[in-house]
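Here you go, sequence then predicted model.
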There are 2 protein chains.
Amino acid sequence: MPPVVETIADLRARVAGWRKDESARIGLVPTMGALHEGHLSLVREMKARTDRVVVSIFVNPAQFAPHEDFDRYPRNMEDDLAKLATTRADLVFAPGVAEMYPHGFATGIEVAGPSAGLETDFRPHFFGGVATVVAKLLIAALPDIAIFGEKDYQQLLVIRRLTVDLGLPIEIIGGAIVREPDGLAMSSRNAYLKPDERRIAGKLNLVLKGVASRARSGHAIPATEAAGKTALLEAGFNSVDYVAIRDAETLEKIETLFRPARILAAAKVGATRLIDNFAV
Amino acid sequence: MPPVVETIADLRARVAGWRKDESARIGLVPTMGALHEGHLSLVREMKARTDRVVVSIFVNPAQFAPHEDFDRYPRNMEDDLAKLATTRADLVFAPGVAEMYPHGFATGIEVAGPSAGLETDFRPHFFGGVATVVAKLLIAALPDIAIFGEKDYQQLLVIRRLTVDLGLPIEIIGGAIVREPDGLAMSSRNAYLKPDERRIAGKLNLVLKGVASRARSGHAIPATEAAGKTALLEAGFNSVDYVAIRDAETLEKIETLFRPARILAAAKVGATRLIDNFAV
C-alpha cells in the first residue's frame, strides 16, 4: 500500500525529496476518497505521464451546503488504500479538516466565468468550496500536472481557469469518464442508489446520447434540451436540474454547433443527484 | 541598477537559478512603485535577512475603486530603478496588467477576519484586490520571506492570514513605518499634498500619539477615539474616516488595554486620504 501523510509539511518534504534526488516529475490526483475505477484510471493516467503520483483524499466540507450529504458521503480509507495498492500511486495525502482549515481560517476563492450557471444554479456554494480547497492542494503539492475527472466537467473548467489565473505552474488535464456496462458514469454517490433507482440511473447517459445526436442532426438547441428533460422524466428521474448544450470551452450558451460543444445534465433519482456529460 | 523582468516565467527562472546554484534564501518586497525611503528600508531589511531580494513594482488596478486614484497614482520607473540602485536589490519584477490579469481572468480571493471594518468600511474593493494580487505575487516568486510596510497595518494582517490560509510556505513580516522629520508616515500619496495640506498632514501622527497616551492612562476607549476624531478635525483635516483602538493581532474591538493594541486612523486633508497607526 502507498504510504500516507497527513500534513502539508510532510507532503512537501516527500515531494521536495523526489524533485531533488530523482529530478522527478510529480502528478497529483485530488479525490474525496470512496475510490472507484474512475479514480483509479486517473491514477494510472498520471503514472503514465509523471514519475511520482500523489493521491489526495479529503472530503472537503466547504463544498457541501448544510442540507447536502457531507455527513453521509462514503468514507472508507482502508478500502481506498487497498484499491490504490493495485495502482502504482506513490503517496496518499489524507489531511484532517484542521490541517486544511486551520484555526481562524478566513480565505475564500471565487472563480467567475466557467462557474456561471449549471451546477452553480443548484449548488451555489459548490465551486467556491472547490476552488479554495483545490488551490490549497495545488499549492501544497506543487505538482507538474494535476488530473480531474471529466464527469465533473464544469469543475474541470473552473479549476483550469483558477490555475491560469493564480499563475500556478501546473498543467491541468481531464481524465475520461469511466462507465459501468450500462453506461452509467462511475461516481462515489452511485453507492446511494437502491436497485430500482440504479436501473433508472443507467438511462441518464442513453438519453444524453440521444439528445446529442438530435443536436448533431440539426434540431434547434433549446427544443433539443427540452426534449432531453422530458425524456429523463419519462425514464423515471424525479426531477431534472438541467439538460444543457454549451460551448465546450467556455460553457456559454450557443445557438448552433459551429464550435466544439458539450451536453451536460443533472437529475435526481430518488434522493440521489447524478450528473453526466458528453462531447457533442 | 537591478535587472528588470516583466513576466512571471522570467521571474521564476531567476529565482529557480538562485535556489539551484546558490541555495539562496529569497526575499520579496511587493510595491506599487513611486518608491520612497519607506520602501527602501523594506529592501534593506530583506537584504539583511535573505540572500537575494526581488522588488515587485505593479500598480494593481483591482485594488482601486472606479472613483479612486488609479490613473493619477504616481508612476516613475526610471526614478524607482535609480533609487533601488542605492540598495542591493537583485531583481525588479515589473509586470504589465495583461501579465497579471490574463485574458478571461475570473478569480477573486477574499479574506474575511482581519479585513472586517476600518479600511473596508471606506474602500470595500480594497482588500479583495490586494489579496488576489498578493497571492499571485507570492505564488509567482515563492520567496522564503515577504515584507510589507506596517503603515498599511490592516493589510499586513490580511496578507498574513491569506498566507497561512492558502498554506503558502512563506514568512510574512512587517517593516517599521518610516517617517518624515515632523512624523508624517512616508507614503507615495504624500506627493499629492499642497504645501498647506502638507503642514496639516504632519499633525496626524501627533494626534494619534496623544490618543494612544490618553488610552494608556486609562481613559475609556470609545471616548478616546472620539476625542482623536475631534482633534484631527480641529487640526484642519476635512474629514475623518476612523480613529480606532483595536486588538493588535485580530483588529477586533476592545474594551480595555489588557492585550497589545494598535491605534489606527484614516483622514482626508484636501482630496488626499492618509492613513497611519501606532502600537499602543
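Nice, I can see it.

Could you find the closest non-adjacent residue to residue A:241?
residue A:266 (3.9 Å; C-beta to C-beta, 6 or more residues apart in numbering or on different chains). Bear in mind the C-beta positions are built from the backbone N, C-alpha and C, glycine included.

quick one: that neighbour and residue A:122 touch, right?
Yes: the pair residue A:266 / residue A:122 is scored as a contact, 6.6 Å apart, by C-beta atoms under 8 Å.

Quick one: residues contacting the nearest residue to residue A:56 once chain neighbours are set aside.
Distances taken as C-beta to C-beta, 6+ apart put residue A:93 closest to residue A:56, at 4.3 Å, once the chain neighbours are dropped. The contact partners of residue A:93, by C-beta atoms under 8 Å, 6 or more residues apart in numbering or on different chains, come to A:4, A:5, A:6, A:11, A:54, A:55, A:56, A:57, A:58, A:137, A:140, A:141.

Now the buried members of those.
Neighbour-count burial (16 or more other C-beta atoms under 10 Å in any protein chain shown) is assigned, among the contacts of residue A:93, to A:4, A:5, A:11, A:54, A:55, A:56, A:57, A:58, A:137, A:140, A:141.

Keeping just the C-alphas, turn the helix or strand hosting the fifth one into CSV.
Assigning secondary structure by DSSP states H and E places residue A:55 in strand A:52-57. Below are the C-alpha coordinates for strand A:52-57, written out as CSV (Å, rounded to 0.1, in the frame of the first residue of the first chain):
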residue,chain,number,x,y,z
ARG,A,52,5.7,10.1,-8.9
VAL,A,53,2.0,10.3,-8.2
VAL,A,54,0.3,11.7,-5.1
VAL,A,55,-3.4,10.9,-4.5
SER,A,56,-5.1,13.2,-2.1
ILE,A,57,-8.1,12.1,-0.1
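
Just the buried positions in the helix or strand that that strand is followed by, please.
Downstream of strand A:52-57, the first helix or strand assigned by DSSP H and E is helix A:77-84. For helix A:77-84, a neighbour-count test (16+ other C-beta under 10 Å) marks A:80, A:81, A:83, A:84 as buried.

for the helix or strand containing the residue nearest to residue A:241, the distance to its chain's centre please.
Secondary structure from DSSP H and E places residue A:266 in strand A:261-269. Averaging C-alpha positions (C-alpha atoms, centre = their mean, to the nearest Å) puts strand A:261-269 14 Å from its chain's average.

Give me the helices and strands touching that strand, please.
Applying 3 or more C-beta pairs under 8 Å, 6 or more residues apart in numbering or on different chains; DSSP states H and E, one finds that strand A:261-269 makes contact with helix A:153-166, helix A:195-201, helix A:203-216, helix A:221-234, strand A:239-247, strand A:272-279.

what does the first one contact?
With contact meaning C-beta under 8 Å, 6+ apart, helix A:153-166 is reached by A:109, A:111, A:113-115, A:118-119, A:127, A:130-131, A:134-135, A:138, A:146, A:148-150, A:168, A:170, A:172, A:174, A:249-251, A:262, A:264, A:277, B:102, B:104-107, B:135-136, B:139.

what do you get if the cut-off is 6 Å, keeping everything else the same?
A:111, A:113-115, A:118-119, A:127, A:130-131, A:134, A:148, A:170, A:172, A:174, A:277, B:105-107, B:139 (C-beta atoms under 6 Å, 6 or more residues apart in numbering or on different chains).

ok, now the fifth one?
For strand A:239-247, the surrounding residues in contact (C-beta under 6 Å, 6+ apart) are A:122, A:215, A:221, A:225, A:228-229, A:232, A:254, A:261-268.

Okay, angle between that strand and helix A:153-166 too, please.
Strand A:239-247 and helix A:153-166 are oriented at 50 degrees to each other (axes from the mean of the first three to the mean of the last three C-alpha atoms, to 10 degrees).

just how off-centre is strand A:239-247 within its chain?
Relative to its parent chain, strand A:239-247 has a centroid offset of 17 Å by C-alpha atoms, centre = their mean.

what comes up buried for that strand?
Going by neighbour count (16+ other C-beta under 10 Å), the buried part of strand A:239-247 is A:240, A:241, A:242, A:243, A:244, A:245, A:246.
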